[in-house]
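Visitor: coordinates only, sequence not included:
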Ligand SMILES: C[S@@+](CC[C@H](N)C(=O)[O-])C[C@H]1O[C@@H](n2cnc3c(N)ncnc32)[C@H](O)[C@@H]1O
């Protein structure tokens, strides 16, 4: 599954990414895009020199790999014809840029002309390969179009779940915040519960370890990992007994009415997280800023998310 982490920076902005997020999750998307691409996109359509799998983030709808550019539609078509492309069962879509000025008729014309320039059969249903065309700042662009395969949606159906578990989408986002643009980073989830974060990390092929103080939870977490074909290596251990160093810790603090963890125990967890990892991403129900700074953390950034009426969390990234 390491394909999902395919990262390859090139010198030109050869890639176009299309985002998909709700207003409620825009903060989280901004944070995630900044950690992966190094900037916050100004719209849902942006260029980058960084190549990542379009399936890596819940917020990425698709990636277009630009192969042909023209100053006019005719130029673009000529350039495509010059390459004598041949594909069977292909599909072409028009993708709208942030300041789309192309009307429906022109889009249709572009699709028709490019369709004529490619040899082979067109397939609206179940295409084997997809292409896209777009116009940005008077330039027409064409290239392969790769849509997010949303495999992570299957992770919702775990054999074991708990009311305090995070949802798989937030978990995937946290993993992306942890690794940014470096798939070799060593990550730990020291209070991993039934493994929502570990599952996303494993699917992305990163080096992520998990621990939990509750043996019953550890057993269920390992069964969840087995279910998805991942190594069931979660260790029954308190964070206080972890000695191995990590680059990043993702700490979903024990909280809420089902947790017996006291404020003092939370403080101990916060302290220990600082000891075992260079960077820590805390997930909490209350704003931890002053508590974290009182423990010597420097807060890098963070956001507050509210998904449904009942679900809200603070994400705080610190070192
Ligand atoms: C909020 S839950 C984590 C949920 C997890 N993110 C998930 O989605 O399943 C917090 C977990 O911390 C564990 N925990 C509490 N104190 C701990 C400690 N000192 N060391 C390790 N784990 C601890 C609890 O057993 C609980 O499973």
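Guide: Now that the structure is in, tell me what you want to look at. Here the structure is a predicted model, which is why all the values come from computation and not from measurement.

Visitor: from now on I want contacts and neighbour counts done on CA atoms only, so please keep to that.
Guide: Fine.

Visitor: what does the stretch 51-200 of the chain put close to the ligand?
Guide: Proximity of the stretch 51-200 of the chain to the ligand, by Cα under 6 Å from any ligand atom, involves residues 164, 165, 166, 190, 191, 192, 193, 194, 195, 196.

Visitor: residues contacting the last one?
Guide: So the one you mean is residue 196. The contact partners of residue 196, by Cα atoms under 8 Å, 6 or more residues apart in numbering, come to 165, 166, 167, 168, 171.

Visitor: pLDDT value on it, please?
Guide: What the model reports as pLDDT for residue 196 is 97.

Visitor: likewise for the first one?
Guide: pLDDT, residue 164: 83.

Visitor: separation between it and residue 197?
Guide: In this structure, residue 164 and residue 197 are 13 Å apart, going by Cα to Cα, to the nearest Å.

Visitor: so between those two, which is more surrounded?
Guide: residue 197 (29 against 15; other Cα atoms under 10 Å).

Visitor: check for me that the more buried one belongs to a helix.
Guide: Yes. Judged by DSSP: H, G, I helix; E, B strand; the rest coil, residue 197 forms part of a helix.

Visitor: which element is the closest residue to it other than its chain neighbours on?
Guide: Nearest residue to residue 197, sequence neighbours excluded (Cα to Cα, 6 or more residues apart in numbering): residue 171, at 4.7 Å. Element membership for residue 171 (DSSP states H and E) is helix 168-179.

Visitor: moving C-terminal from that helix, which element do we reach first?
Guide: strand 186-189.

Visitor: what residues sit buried inside that following strand?
Guide: Using 16 or more other Cα atoms under 10 Å as the test for burial, strand 186-189 gives 186, 187, 188, 189.

Visitor: contact residues of the stretch 201-319 of the chain facing the ligand?
Guide: With Cα under 6 Å from any ligand atom as the criterion, the stretch 201-319 of the chain comes near the ligand at residues 212, 213, 214, 238, 239, 252, 253, 254, 255.

Visitor: narrow those to those in strands?
Guide: Among these, the members found in strands (DSSP state E) are 212, 252.

Visitor: I'd like the residues of the stretch 201-319 of the chain next to the ligand as CSV, with distance to residue 54 appended.
Guide: Formatted as CSV, those follow (distance: Cα to Cα, whole Å):
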residue, distance to residue 54
212, 32
213, 36
214, 36
238, 36
239, 34
252, 26
253, 30
254, 32
255, 34
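
Visitor: buried ones among the residues of the stretch 201-319 of the chain next to the ligand?
Guide: Applying 16+ other Cα under 10 Å to these flags 212, 213, 239, 252, 253, 254, 255 as buried.

Visitor: who's in contact with the residue lying closest to the second one once chain neighbours are set aside?
Guide: Same thing as residue 213. Among residues not flanking residue 213 along the chain, residue 238 sits closest, at 4.5 Å (Cα to Cα, 6+ apart). By Cα under 8 Å, 6+ apart, the contact list for residue 238 reads 190, 191, 211, 212, 213.

Visitor: list the buried residues in the helix holding residue 171.
Guide: Applying a neighbour-count criterion of 16+ other Cα under 10 Å, one finds 168, 169, 170, 171, 172, 173, 174, 175, 176, 177, 178, 179 buried in helix 168-179.

Visitor: among those residues, which two are most distant?
Guide: Using Cα to Cα, the pair of the buried residues of helix 168-179 lying farthest apart is 168 and 179, separated by 16.7 Å.

Visitor: what segments of the chain are helices?
Guide: 26-37, 73-82, 104-117, 168-179, 196-203, 215-227, 263-276, 289-294 (DSSP state H).

Visitor: please identify the deepest-packed of these.
Guide: helix 196-203 (a mean of 25; mean count of other Cα atoms under 10 Å).

Visitor: and it, how far out from the chain middle?
Guide: 12 Å (Cα atoms, centre = their mean, to the nearest Å).

Visitor: okay, the angle between that helix and helix 215-227?
Guide: Interaxial angle of helix 196-203 relative to helix 215-227 (axes from the mean of the first three to the mean of the last three Cα atoms, to 10 degrees): 30 degrees.

Visitor: what's the angle from helix 196-203 to helix 168-179?
Guide: Using the same axes, to 10 degrees: helix 196-203 against helix 168-179 is 60 degrees.

Visitor: which strand runs longest in this protein?
Guide: Counting residues, the longest strand found in the chain (DSSP E) is strand 60-70.

Visitor: give me the contact list for that one.
Guide: With Cα under 8 Å, 6+ apart, strand 60-70 has contacts from 14-20, 53-55, 75-77, 79-80, 131-132, 139-148.

Visitor: how far away is the spatially most central residue of the chain from the ligand?
Guide: Central residue check for the chain by Cα atoms, centre = their mean: the C-alpha nearest the mean position is that of residue 57, 2.2 Å away. Shown here: residue 57 relative to the ligand, a distance of 18 Å by Cα to the nearest ligand atom, to the nearest Å.
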